[in-house]
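> I need the structure of the sequence given here:
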Amino acid sequence: MPTACNLAAQIEERLLRRNSILEDFFTREARPLALACRDMAERFLSGGRLLALGCGPYSTDAQHVSVEFVHPVIVGKRALPALDLSALGRPWLEAILRSDDIVFGFGPPEGDAEVWAALASASARGAMTFALPGPFGSYALQTDIKDPFIHQELVEIFYHTLWETVHVFLEHRELGQDVGDAGFLYPFLGQQKQKTSSLVDEVASSIQMKVRDDTALRTRLAKEESEGIGAAAIAIHERLLLGGKLILFGNGGSATDANDWAMDCVLPQPGRHAIPAISLSMEPANLTALANDIGVEVIFLRQLMAQAQPHDVAIGISTSGGSRNIVSALEEARKRKLLTIALLGNDGGEIARRSLADFPIIIRSDYIPRIQEVQASAYHVILDTLEALHHARA
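Sure thing, here's the model as predicted:
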């Protein structure tokens, strides 16, 4: 069995080695991505939509990109039309596709032939396509990354930065839109279509800056929290040996991370062992029934009361650390003496202040996309560590 000291060193190394891999990619691809953002903005202004699909754990990236574009998390930014079509994939895509749409296809590092076929079909009908990864498309992601976890983290940064920077082009370009008879209401609109050529270099620089922010956060996590992450993994491993399971929950983008974590457990990479896990965020009927009939504050609490067993592990994901429904579920988990883990942002919020998690893992930032990107590194490293502990015991 690895010692706690050895585990912490391994976790720190795993976290830090991501930094150069991700920085190298986005340094190389920043300008192509800026150009892609400009083209996406043109499509949105023409009435296009973002349609996303993926299989297995990669469907959670489709969920995530959809919620980012629809949810106006940045005050003053518009909600953009986006849909996750992963449940049915290509048939659904082909039934609703329009020529001005944008299609994201997600898959593992080696790609997914079914997703590529859907993208090829969409491209033939005029859609802008993103193969993530793939050999062809309006943008085709191609890297040497073999690790599915690091690949997923790169893709999450990829679509976060696209979402953030599309708005830059949208707001710049729409100054030149024809507003017709309503033009007298908007004297600053409709005068002259704005050129975006000067923006591309600025946007490319901002993309690199966002990735450097991640590097700083991930480095701090590695230096300050590797020991705590290792202790959390050991505690989870011990609960699993007693027959426990993971119960994950989060809101919005954190819901998709909870879903991704659960799917990574039950559908592991080849050669790895499966871990029993469920995500309370993956139950739309339960979530909407509870939210509608009682209130959003109980959507995880009520499910946890129904699902929890004595040796289970409750894992809440919250970028604020204060989401009421996460707090309520962790309070209930503590009453039931479950092991509690929390992936948090900011200063850890109410969950950290009230010690509602046995192991709080805090990404010390106040910006949601950067928090979620580094939280993905954290839970992927926990899974790596659980696999190491499993083999050490065997």
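
> list the buried residues in the helix or strand of the chain with the lowest mean pLDDT.
Within the chain, no helix or strand scores below helix 148-173, which has a mean of 91 by mean pLDDT, DSSP states H and E. For helix 148-173, burial by neighbour count (16 or more other CB atoms under 10 Å) applies to 148-170, 172-173. All C-beta spots, glycine's among them, are computed from the backbone N, C-alpha and C.

> OK, contacts around L290?
V296, V298, I299, R302, Q303 (CB atoms under 8 Å, 6 or more residues apart in numbering).

> please apply the same query to A9.
S226.

> A helix includes it, no?
Yes. Membership of A9 in a helix is supported by DSSP: H, G, I helix; E, B strand; the rest coil.

> that one and E238, how far apart?
Per CB to CB, to the nearest Å, A9 is found 21 Å from E238.

> repeat for S46
56 Å.

> out of the two, which sits in the busier spot?
A count of neighbours by other CB atoms under 10 Å puts E238 above the other of S46 and E238, at 14 against 11.

> so how far is A232 from the more buried one?
Counting by CB to CB - E238 and A232 are separated by 11 Å.

> got it, and A255?
With distances taken as CB to CB, A255 is found 21 Å from A232.

> ditto for I351
The value you get for I351 to A232, if CB to CB is used, is 14 Å.

> what is the top helix by length along the chain packed up against?
Counting residues, the longest helix found in the chain (DSSP state H) is helix 197-241. Helices and strands touching helix 197-241, by 3 or more CB pairs under 8 Å, 6 or more residues apart in numbering; DSSP states H and E, are helix 4-45, helix 148-173, strand 313-318, strand 339-345, strand 359-363, helix 368-393.

> quick one: mean pLDDT for it?
Average pLDDT, helix 197-241: 95.

> correct me, but T143 touches I150?
No. Under the criterion of CB atoms under 8 Å, T143 is not in contact with I150, lying 9.2 Å apart.

> about what we covered before: which one of the helices and strands packed on helix 197-241 lies closest to D84?
Closest approach to D84 among those (CB to CB): helix 148-173, 12.1 Å.

> what's that closest one packed up against?
helix 4-45, helix 59-70, helix 197-241, helix 368-393.

> the helix or strand just after the shortest one: how far from the chain's middle?
This means helix 59-70. Next helix or strand after helix 59-70 toward the C-terminus (DSSP states H and E): strand 82-84. Taking CA atoms, centre = their mean, to the nearest Å, one finds strand 82-84 lying 14 Å from the centre of the chain it belongs to.

> in the helix or strand that strand 82-84 is followed by, what counts as buried?
Note on strand 82-84: by DSSP H and E, the next helix or strand toward the C-terminus is helix 90-96. Neighbour-count burial for helix 90-96, counted by 16+ other CB under 10 Å, picks out R90, W92, L93.

> pull the CA atoms of helix 90-96 into CSV?
Only the C-alpha atoms of helix 90-96 are listed here, as CSV (Å, rounded to 0.1, in the frame of the first residue of the first chain):
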residue,chain,number,x,y,z
ARG,A,90,-27.0,11.4,-35.3
PRO,A,91,-30.8,10.7,-36.0
TRP,A,92,-31.7,13.6,-33.8
LEU,A,93,-29.1,15.8,-35.3
GLU,A,94,-30.2,15.1,-38.9
ALA,A,95,-33.8,15.7,-38.0
ILE,A,96,-33.3,19.2,-36.7
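
> what's the average pLDDT for that helix?
The model assigns helix 90-96 a mean pLDDT of 98.

> tell me the average confidence for the next helix or strand after it?
For helix 90-96, the following helix or strand on the C-terminal side (DSSP H and E) is strand 102-106. For strand 102-106, mean pLDDT rounds to 98.
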